[in-house]
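Asker: Give me the fold of what follows.
(chains A, B, C and D)
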4 protein chains.
Amino acid sequence: MIQYDHHIKIYYKDIDQMGIVYYSRYFEFFEIARTDMLSSIGLDYVKVEENGAMLPVIEAHAEYKKGAKFSQDIIVKTSIQDVPKVKLKIDYTICNKESDEILVQGYTIHASTTLKGKPIRMPKYIRTIFQENMEKA
Amino acid sequence: MIQYDHHIKIYYKDIDQMGIVYYSRYFEFFEIARTDMLSSIGLDYVKVEENGAMLPVIEAHAEYKKGAKFSQDIIVKTSIQDVPKVKLKIDYTICNKESDEILVQGYTIHASTTLKGKPIRMPKYIRTIFQENMEKA
Amino acid sequence: MIQYDHHIKIYYKDIDQMGIVYYSRYFEFFEIARTDMLSSIGLDYVKVEENGAMLPVIEAHAEYKKGAKFSQDIIVKTSIQDVPKVKLKIDYTICNKESDEILVQGYTIHASTTLKGKPIRMPKYIRTIFQENMEKA
Amino acid sequence: MIQYDHHIKIYYKDIDQMGIVYYSRYFEFFEIARTDMLSSIGLDYVKVEENGAMLPVIEAHAEYKKGAKFSQDIIVKTSIQDVPKVKLKIDYTICNKESDEILVQGYTIHASTTLKGKPIRMPKYIRTIFQENMEKA
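Answerer: Numbering: from 1, shown residues only, chains lettered A, B, ... in the order given. Alright, predicted model coming up:
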């Protein structure tokens, strides 16, 4: 399993009238966390694109337990369970940093495509990077 | 079943580097569509809050078939299948207005809470409005 | 002078903890309004790009008089005073639709560039469209 | 003068079709930077609100020199020149972290209001904090 923790602070821009983070914002937090998780295992997304591939989201899901509030520090815990053959599934658990309470859980599923959006097999070098980091963990 | 179509135009603000709508934006489109759907059956969300209740999203899901592009007109088709006892489920299908091609499908599930976020039964007048509009359809 | 009114409704996605529209959102409203204003005079921005030019924002300004609230209808009044030689200036006044009260005033200034961002003179056909619509008004 | 540097990384969520940060996003970066700048001098915005005051933006301005790109690290340099009597002006310079090239410059002006939005004099303890930090610098 590959795991990565990303710390995010909540600002006014994220908060809605209920005084908690607006529900779609967590998907931006998911993106921030997965980009840095991929980068941490040597998979710089800029290079993925330079090598002619994209990993667009084909499915996104979130379950909201408790709302994050202005000025709170949260941790987005990202994990990958399996080496992707065709589709890459990334899981996310967002916690209140102070209390460790779970705020949001979710996942995204990514396809592998050409830069024009044509589906392709997950490139070999990407699978190798995942494989190596699975074994390491 | 309650059904409602909401038309949205795609602008630069919605589009990412791939030239398609960024994945979290569709959840904003879902909110726009459901707010107007609820309003269309006589459930003004401002009044829901004035009456002391909120309908926060507790689950959100989207499946991305094809990306919407800048300047495209899309239709967000919203529907409710069942009168909510505790949780309200709203389904969304986003189509390209011109081709009728499905771009995104998803749903949101809403709890019923007090203004302080305490879970409550779905208020009676809200259930009645849903009931009446189910029968009409 | 070229003038155009665009109607926008405020949703939860736009509102912050103060219960009013978050300050950067108005710049999205400016974009929506100017895109449709340009389109209304025959200047489809998709075609501007297809013809090899872009009109990136090089300056943006807003003054906030009063905050728009959830569920309010606002009007974004867009106007262009002069035919652009090099830079295009667009003015915006956002009003509460019901009361006509001014909420926000601002402007954006746009350069003319190639698709790679190199500054160019405002293309002749664009200037002609502005010229013709100035005279009409 | 009070000065503060805040580091931000650019993600897909920030980027538009031109491959650069969408123009309104910089105002979110301004907010992130000023919140942390205020916090750095002992002015926690949560406490400002708990003490019954708000500092809403009444004017916002940005000049765009060059677009930030996906995966770039930028620095938002925030500064305050004067102790606010009535209005607080905050200046921002956004640089490419690697090249130090200036990407965006701007400012925001803030009023001081009650939690209901009624204008008030800048609270004494806030002015004192600014005064002390001006002298320190």
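
Asker: Show me which residues of stretch A:107-117 are buried.
Answerer: Residues of stretch A:107-117 classed as buried by neighbour count (16 or more other C-beta atoms under 10 Å in any protein chain shown): A:107, A:108, A:109, A:110, A:111, A:112, A:113. (Each C-beta comes from the backbone N, C-alpha and C, glycine too.)

Asker: does any part of the one helix or strand residue A:35 maps to sit near chain D?
Answerer: Using DSSP states H and E, residue A:35 sits in helix A:25-40. Yes: using C-beta under 8 Å from any C-beta of the partner chain, helix A:25-40 comes into contact with chain D via A:28, A:31, A:32, A:35, A:36.

Asker: residues contacting the closest residue to residue A:39 other than its chain neighbours?
Answerer: Nearest non-adjacent residue to residue A:39, counting by C-beta to C-beta, 6 or more residues apart in numbering or on different chains: residue A:45, 7.2 Å away. Residue A:45 makes contact with A:35, A:38, A:39, A:55, D:12, D:70, D:71, according to C-beta atoms under 8 Å, 6 or more residues apart in numbering or on different chains.

Asker: Quick check: phi and psi at residue A:125.
Answerer: phi -70, psi -30 (degrees, to the nearest 10).

Asker: what's the spacing between it and residue D:64?
Answerer: 37 Å (C-beta to C-beta, to the nearest Å).

Asker: Give me the spatial nearest neighbour of the residue of chain A most remote from its centre, chain neighbours excluded.
Answerer: Centroid-distance maximum for chain A: residue A:17 at 26.2 Å, with C-alpha atoms, centre = their mean. Nearest residue to residue A:17, sequence neighbours excluded (C-beta to C-beta, 6+ apart): residue C:15, at 4.4 Å.

Asker: Ok, residue A:57 next?
Answerer: Residue nearest to residue A:57 in three dimensions, not counting chain neighbours: residue B:23, with 4.6 Å by C-beta to C-beta, 6+ apart.

Asker: Local confidence estimate at residue A:137?
Answerer: pLDDT, residue A:137: 60.

Asker: For the strand or helix carrying residue A:94, enumerate the helices and strands it packs against.
Answerer: Here residue A:94 is covered by strand A:88-96, with elements defined by DSSP H and E. For strand A:88-96, the packing partners by 3 or more C-beta pairs under 8 Å, 6 or more residues apart in numbering or on different chains; DSSP states H and E come out as helix A:25-40, strand A:73-80, strand A:102-110.

Asker: contacts for the second one?
Answerer: It refers to strand A:73-80. A:1-10, A:29-30, A:32-34, A:37, A:68, A:88-98, A:103, A:130, A:134.

Asker: Type out the PyMOL command that picks the buried ones from the residues you listed.
Answerer: Those of the contacts of strand A:73-80 that count as buried under 16+ other C-beta under 10 Å are selected in PyMOL with:
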select buried, chain A and resi 2+4+5+6+8+9+10+29+30+32+33+34+37+68+88+90+91+92+93+94+95+96+97+103+130
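
Asker: So which bits of chain A are right by chain C?
Answerer: Proximity of chain A to chain C, by C-beta under 8 Å from any C-beta, involves residues A:12, A:13, A:15, A:16, A:17, A:19, A:22, A:24, A:70.

Asker: Could you count how many residues lie near the last one?
Answerer: Residues contacting residue A:70 under the criterion other C-beta atoms under 10 Å in any protein chain shown number 20.

Asker: gap between it and residue C:11?
Answerer: 20 Å.

Asker: got the contact list for the most centrally placed residue in chain A?
Answerer: In chain A, the residue lying closest to the centroid (C-alpha atoms, centre = their mean) is residue A:34, at 3.1 Å. Applying C-beta under 8 Å, 6+ apart, we find residue A:34 in contact with A:78, A:90, A:92, A:108.

Asker: My guess is the third one contacts residue A:107. True?
Answerer: So the one you mean is residue A:92. Yes: counting by C-beta atoms under 8 Å, residue A:92 touches residue A:107, with 6.5 Å between them.

Asker: The helix or strand bottoming out on mean pLDDT in chain A packs against which elements?
Answerer: Least confident helix or strand of chain A, by mean pLDDT, DSSP states H and E, is helix A:124-136 with a mean of 90. Packing partners of helix A:124-136 (3+ C-beta pairs under 8 Å, 6+ apart): strand A:2-9.

Asker: Sketch out the low-pLDDT regions of chain A for me.
Answerer: A:137 (pLDDT under 70).

Asker: For it, which residues are neighbours of chain B?
Answerer: By the rule C-beta under 8 Å from any C-beta, the part of chain A lying against chain B is A:18, A:23-25, A:27-28, A:31, A:54, A:56-64, A:67, A:117.

Asker: Which ChimeraX command selects the buried ones in those?
Answerer: Provided next is the ChimeraX selection string for whichever of the residues of chain A next to chain B are buried by 16+ other C-beta under 10 Å:
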select /A:18,23,24,25,27,28,31,54,56,57,58,59,60,61,62,64,67
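
Asker: The residues of chain A next to chain B in helices, which ones?
Answerer: Of the residues of chain A next to chain B, the ones assigned to helices by DSSP state H are A:25, A:27, A:28, A:31.

Asker: dump the residue contacts of the last one.
Answerer: Yep, that's residue A:31 we're talking about. Counting by C-beta under 8 Å, 6+ apart, residue A:31 has contacts B:23, B:24, D:11, D:12, D:13.
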